[in-house]
Structures are given as C-alpha cells and as structure tokens.
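> What shape does this take:
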Amino acid sequence: MYKYLSESPSIDTIRLKVHYPDSFKNTEYFGDIINWRSLGIYDNNKRTCKIWSSIKFREEQKKNKLYKPQYWVEEDFKNPTVKYLWLELSLSKFLHGTNLSAVPENEFVLLIERLGEFLHDIKVILPGQVEGFTVTKMAIAKNIDFTHLCTDENVLKLLAPFNYRPRSKYEYMEASDPQKPKQLKYNTGLTEVICYAKIPEIKKNARTVVEHEIVADCKNKVVGIIRFEVTLKNKRAIRQKMTQLGRKQQSYTLKDVFVGNFWEKVLRDEMGKIFNHPISDYIFLAQHSTPIIQQVIDQNFKTLDVQEKIYYFLGKLQELGLAETKDYYTNHYSRSAWYRRIKKLQKLHIDLNSIPRLASSKKIYAYFLGQFGLKSTKIVNPRQDKLF
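Predicted coordinates for the structure are as follows:
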C-alpha cells in the first residue's frame, strides 16, 4: 500500500471541454443518447440537452477493472448545432490506478500522451492538443499519513469541531455510518472542501487492479491516512483562485492549471481558512469533561472574573459548536463583539500540555497544519487579567 502513497499536492478529478466539429453519431463509442443523470456528474438543476456516449464501453471497462475517463459529446444548450467533447477523470487513477498516488508537474507530458492514446482508442480526432482543453472543474488534493500518531477516525474527530467556514454548509459523517466514508465536508456554491478517511473509501469503492491490491494489503491493519480535497466547481471558481496568482483570464486550459505552486496555495488557503483558528486551544478544551476544563482553568487563570467568562464561553462552545457560537454572539450582541471576544481569548496564555489528551491533540493538530505550511495562529502575550 505504501508504495503507492504520495503526500504531495496534486490535481485529481478534472473536467475538460473542447469544441468538437467532427461527425460522431452512430459510432461504436458514441452510439447511445443518454440522460445526463446517468453520468453522475451534474447537479440536479443542470441541462436537458442531448448527450452522446457509449454505455456498453463504460460497462466493459468497469468489468475489466480498468479506469478510463468519462467522456461524452454534448450539444450546446443555446445552439444545438454546436457540439462539445467533454472528458472527466481522476488524473491519478488514470495514470497510477489509485488516487492514493499523486500526479506531479513532471508527469504532465506523460498525462498528455496517455490522454491522446485514449482519444485515439475511441476514434476521436482533434485539430489541437489535449493540453489546450478548457478546464471547467477541478479538484486539488493531498493525502496525509497520521498512522504514526493516531487513527483516521481520531483525526476526523479532532478536526470536526472546526465547523465554521464563511458561507458554507457543513456536514460531519460519523464513523459508525457503514454506507459512506468517514468525512467532513464544507460546501459553497463555488467550492467544496472535503476531508475523509482514505482507506475506508478505497475499500468501499475499489475498482481498479491497484485499488483491489491496496484493499488486500490493508486487511486487518490500522491505517490513519486522511485525504484533504478542494473542488473548484466551475470556471468562475477556478478564475477566482488563478487571479490570486496574477493570472486573470476568462478561461484556463489544462496546461494553465498544471502548476504545483497553484495547487499548494489553494490547499493552504482553504485549510487555513477552516482549521487554523485563533482560538483552537479553547475549541479543543471544550471537547472535554468538566473536571478537565476546571483543572486547566484553575492552572491558567487566577482571577474569578476571567474564570467565569472562560467557563461561559466554553459552555457555549459545548452547547452550540463553533459556528453557532459565532452566530449567537453576532445575533445577541454584534459582529464586532464576537471578534473582540476572539482577540481577548487570543491574548490569554493557556497551557494545555499538562493534560496528556490535550497535549496529544495539539501535537496532531500542529503536524496537520505543518503539512500545509501553516503555523497555529497565536498572539504570544502571557497577560492573564483585566482582558474582559
């Protein structure tokens, strides 16, 4: 299993589009007019236009445990005489048989060659190269191995209380759910961030020869690999991220987005936005029982006024969670009241290392942040009193 593991950032799922003027109807590979829902790739509010592909070809690839791109020809929504060829695939599964691996920048030429061979196999002839296809969706991902520290379930439980991301819907899939991988998900109209236990997901969805090999290798083993994935759902989302690198244009090709520092920045920004919270110590402390909370507060804060306010704030975190605690302060007081409270908590020096469970949580958390080039957000100031 570990021979396939890469912890480098990489593009995984990508959707490509190109104008396709050639005849394609009634061929072996485009013989079926299918419903777009059967592709499993669109949202429920998407198109009603015609789509041509081959159900038989796709089923044969699955039966033979081969991973091939999804492909189809679709008529333009406004002008049915115009047609587009679409491809959607996991680059790492396409090249390596599993997305436990990564596709680094230096494999770009190999990727283009393999995609060209696939298009040749389905008898698609294009005037240009695949590298010039327009990217309409892309997922950037990174695997992290926590096995030397804890299980995948423990990592997700540690990160689950960070349930706030601006303008996002949050979902936490418990480990006890047998139908889905253990995961955290943050979803907006443009971006989706998902963190999930990788090996359970492979066991559930194994399709290729390599994935079946990994499942066999991991039998009766405890493996703590978590996959962190950021999906840019459309061209607007991609443009927003690329513009931050100073590359503003209407659309981007496969070659444009195949840039390692772009992948690193997207992951670092999104992970930092969600998990690098300025009051992470209090978030961890709120997950523990009253005796532990009391011990930490007594050790760190001497004045009754400060202790009472810390107890109150931790009680809200326990009762409501981070996102709803923010909403509570914002709605009952003001938005600025929430940020004043955060700044005051930042300035209080709190030491969690005297409690082994909390010290362990901080160690895992610091390791996680370090994998994305992040450091815990802190204001180093040991003042204890008169901050409220």
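
> Show me which residues of the helix-or-strand element of the chain with minimal mean pLDDT are buried.
Lowest on mean pLDDT, DSSP states H and E among the helices and strands of the chain sits strand 169-173, with a mean of 78. By 16 or more other CB atoms under 10 Å, the buried positions in strand 169-173 come out as 170, 172-173. C-betas here are computed from N, CA, C, even on glycine.

> Tell me the first helix or strand C-terminal of that strand.
Per DSSP states H and E, the first helix or strand lying C-terminal to strand 169-173 is strand 183-187.

> between that following strand and strand 169-173, how many degrees?
Interaxial angle of strand 183-187 relative to strand 169-173 (axes from the mean of the first three to the mean of the last three CA atoms, to 10 degrees): 170 degrees.

> Show me what secondary structure element comes after strand 183-187.
Per DSSP H and E, the first helix or strand lying C-terminal to strand 183-187 is strand 191-197.

> Can you give me the domain boundaries for the chain?
As assigned by automatic domain parsing, the chain contains the domains 10-275, 280-371.

> Those domains: which one's closest to residue 3?
For the domains of the chain, proximity to residue 3 was assessed by CB to CB; domain 10-275 is nearest, at 9.2 Å.

> picking that back up, now the domains of the chain in a markdown table, with distance to residue 1?
Formatted as a markdown table, these follow (distance: least, CB to CB, whole Å):
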| stretch | distance to residue 1 |
| --- | --- |
| domain 10-275 | 4 |
| domain 280-371 | 19 |
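
> Just give the strands next to the least confident helix or strand of the chain in its sheet, each with its orientation.
Strand 169-173 has the following strand partners under DSSP bridges: strand 183-187 (antiparallel).

> I'd like the mean pLDDT over the partner strand, please.
What strand 183-187 shows for mean pLDDT is 91.

> Contacts for it, please.
Outside of strand 183-187, the residues within contact range by CB atoms under 8 Å, 6 or more residues apart in numbering are 156, 159-160, 165, 168-173, 192-197, 274.

> Just the buried ones among the residues you listed, please.
By neighbour count, with 16+ other CB under 10 Å, those hold 156, 159-160, 165, 168, 170, 172-173, 192-197, 274 as buried.

> Out of those residues, which one has the lowest pLDDT?
Across these, the member with the lowest pLDDT is residue 173, scoring 72.

> for that residue, which residues make a bridge with it?
In this entry, residue 173 is beta-bridged to residue 183, by DSSP bridges.

> helix, strand or coil for the nearest residue to residue 71 once chain neighbours are set aside?
Using CB to CB, 6 or more residues apart in numbering and skipping the chain neighbours, the partner closest in space to residue 71 is residue 87 (5.2 Å). Under DSSP: H, G, I helix; E, B strand; the rest coil, residue 87 falls in the strand class.
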